[in-house]
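> Sharing a sequence plus its predicted fold:
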2 protein chains.
Amino acid sequence: MSTQAVALKKYALEDFTPGREFELGPYPVSADEIIEFASEFDPQPMHLDEEAGKASILGGLSASGWHICAMMMRMLIDGYILDSTSQGAPGVEYCNWKRPVLAGDTLHGKSTVLSSRSLKSRPGIGAVEFSHELFNQRGELVCTSANTGFFASRDKGERK
Amino acid sequence: MSTQAVALKKYALEDFTPGREFELGPYPVSADEIIEFASEFDPQPMHLDEEAGKASILGGLSASGWHICAMMMRMLIDGYILDSTSQGAPGVEYCNWKRPVLAGDTLHGKSTVLSSRSLKSRPGIGAVEFSHELFNQRGELVCTSANTGFFASRDKGERK
C-alpha cells in the first residue's frame, strides 16, 4: 500500500491499540433479507418460513448463523475497515451463535482490539487481533467472534 | 423431532461415525455472485472489481472470506445436512482462508466426522464434530474449517 493511500485512511496499524473499541451497527434484520440469504446458502425450513421457524427451537423466522456472520462483516466494514489500511484477514478464530436472530430484530455491537504486532515477514504490515460482540435491540448477546486482520502501518520508516 | 420425521431422513446421529467422509460440491463461483455478495456484506475493492482484484495481493476478482463460508454452508446443506436430522449448530470452531477464491473457480471438498457424543442435557440429541476442507479445480486447498452440529438420534430408546 502506497504512503499516499495510507494517508487517505482514517485508521492505520498504529490506531488499533489494545483495548480500543469500535461501535458496530445498527443493522435492522428484515424477513426478506433472512429468506434471500437462506434461499441461496442455507435453505433450512426455520430460515425460510415463519411457521417453520415458530415450530423450531429458534422460535421464529431466524437468520442463518452464516448470515449473522455476513451481517457482522458489513458492520465491521462500515464501522472501521473500509476507512482503514486493511490488508485482509487469514480467517476466523471462532464464532459462537448465542441466541436466535429473528426477523424484525436490530443488531448492534462492538469490536475490541485484543493485541497488535508488526510482522517481521511483511515489513510495514501488522496483525491486529479483535473480539466482536453483537447484541439485539433488547441488549441480549447474540453472537461472539474473534479474528485477526492485517493492516498497513502509517509509519513510513516501517514500510520498505 | 418426531420419530416419523427422523425416519424420513437419510442421516441421523448414528450415521455420523468418526472418520466418515462426505463429498462436497462442485460449486462454480461466478463473478456476478462474488460481486453480489460483496456489495451487500463486504464491499472492499478486490471483491467488487476485476482490476482492483488484480492490483491486490489476491490476484483477481476474489470472493469475500465470508462468502467462501456461505458457499461452504451451501455445499454442506446439499451434501448431507438437508437430508439429516440436523438440529442446528452453536457456532464455528475456526475457519482459515488459505488461498484466494477467484471468479471462474469451481470448488469442491469434503467433511470428515471427528467425533460424536450423546448429550445428557438433551435426550435423543447428539453433538457431532466435523472438519471441512475446500479445494479449487486445481486441487489447491482454499479453506479449512471445523464446527459442531446437533443431530437427532434414530434410536427411539434415546428419545424421551
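Okay, I see it.

> Show me what from chain A comes close to chain B.
Applying C-beta under 8 Å from any C-beta of the partner chain, we find that chain A lies next to chain B at A:37, A:40-44, A:57-58, A:64-67, A:69-71, A:73-74, A:77, A:81-82, A:86-97. From N, CA and C alone the C-beta is placed, and that goes for glycine too.

> Selecting buried members of these in PyMOL, what would you type?
In PyMOL, a selection of the buried entries from the residues of chain A next to chain B looks like this (16 or more other C-beta atoms under 10 Å in any protein chain shown):
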select buried, chain A and resi 37+40+41+42+43+44+58+64+65+66+67+69+70+71+73+74+77+81+82+86+87+88+89+91+92+93+94+95+97
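
> From the residues of chain A next to chain B, which land in strands?
Using DSSP state E, the members of these that fall in strands are A:Gly91, A:Val92, A:Tyr94, A:Cys95, A:Asn96, A:Trp97.

> thinking the fifth one is in contact with A:Leu141, fair?
No: contact status for A:Asn96 versus A:Leu141: not in contact, 9.3 Å apart, counting by C-beta atoms under 8 Å.

> so how far is A:Met73 from A:Asn136?
According to C-beta to C-beta, to the nearest Å, A:Asn136 and A:Met73 sit 18 Å apart.

> circling back to that earlier point, could you dump the ones in strands among the residues of chain A next to chain B into TSV and include distance to B:Ser131 and pLDDT?
Formatted as TSV, these follow (distance: C-beta to C-beta, whole Å; pLDDT from 0 to 100):
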residue	distance to B:Ser131	pLDDT
A:Gly91	14	96
A:Val92	15	97
A:Tyr94	15	97
A:Cys95	16	98
A:Asn96	18	98
A:Trp97	19	98
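
> from the residues you listed, which is closest to B:Ala12?
A:Trp97 (22.8 Å; C-beta to C-beta).

> Could you pull up the contacting residues of the closest one?
By C-beta atoms under 8 Å, 6 or more residues apart in numbering or on different chains, A:Trp97 lies in contact with A:Gly65, A:Ile68, A:Val142, A:Cys143, B:Ala89, B:Pro90, B:Gly91.

> Which of the residues you listed fall within helices?
Counting by DSSP state H, these place A:Gly65, A:Ile68 in helices.

> C-alpha coordinates for the strand or helix carrying A:Ala146, CSV please?
Taking DSSP states H and E as the criterion, A:Ala146 maps to strand A:141-152. C-alpha atoms of strand A:141-152 as CSV (Å, rounded to 0.1, in the frame of the first residue of the first chain):
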residue,chain,number,x,y,z
LEU,A,141,-25.8,-11.1,23.3
VAL,A,142,-26.5,-12.9,20.0
CYS,A,143,-23.0,-13.6,18.6
THR,A,144,-19.4,-13.5,19.8
SER,A,145,-16.4,-13.9,17.5
ALA,A,146,-12.7,-13.2,17.2
ASN,A,147,-10.4,-12.8,14.3
THR,A,148,-7.0,-11.4,13.2
GLY,A,149,-6.7,-8.8,10.4
PHE,A,150,-3.7,-7.3,8.7
PHE,A,151,-3.2,-3.5,8.4
ALA,A,152,-0.6,-1.3,6.8
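
> for that strand, which positions count as buried?
Within strand A:141-152, the residues scored as buried using 16+ other C-beta under 10 Å are A:Val142, A:Cys143, A:Thr144, A:Ser145, A:Ala146, A:Asn147, A:Thr148, A:Gly149, A:Phe150, A:Phe151, A:Ala152.

> and it, what other elements does it pack with?
Applying 3 or more C-beta pairs under 8 Å, 6 or more residues apart in numbering or on different chains; DSSP states H and E, we find strand A:141-152 packed against helix A:65-76, strand A:91-92, strand A:94-97, strand A:106-118, strand A:125-135.

> chain center to it: distance?
6 Å (C-alpha atoms, centre = their mean, to the nearest Å).

> now do stretch A:93-110
Put simply, stretch A:93-110 sits 11 Å off its chain's centre (C-alpha atoms, centre = their mean).

> May I have it exported as PDB, CA atoms only?
Only the C-alpha atoms of stretch A:93-110 are listed here, as PDB (Å, rounded to 0.1, in the frame of the first residue of the first chain):
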ATOM      1  CA  GLU A  93     -10.700 -17.800  15.200                       C
ATOM      2  CA  TYR A  94     -14.200 -18.700  16.400                       C
ATOM      3  CA  CYS A  95     -17.800 -17.600  16.100                       C
ATOM      4  CA  ASN A  96     -20.500 -18.500  18.600                       C
ATOM      5  CA  TRP A  97     -24.200 -18.100  17.900                       C
ATOM      6  CA  LYS A  98     -25.600 -17.400  21.300                       C
ATOM      7  CA  ARG A  99     -29.200 -16.600  20.600                       C
ATOM      8  CA  PRO A 100     -31.500 -16.600  17.500                       C
ATOM      9  CA  VAL A 101     -31.600 -13.500  15.300                       C
ATOM     10  CA  LEU A 102     -35.200 -13.100  14.200                       C
ATOM     11  CA  ALA A 103     -36.900 -11.100  11.500                       C
ATOM     12  CA  GLY A 104     -37.500  -7.600  12.900                       C
ATOM     13  CA  ASP A 105     -34.500  -7.600  15.200                       C
ATOM     14  CA  THR A 106     -32.000  -4.800  15.000                       C
ATOM     15  CA  LEU A 107     -28.400  -5.700  15.800                       C
ATOM     16  CA  HIS A 108     -25.600  -3.500  17.200                       C
ATOM     17  CA  GLY A 109     -22.300  -4.300  18.800                       C
ATOM     18  CA  LYS A 110     -18.700  -3.600  19.300                       C
END
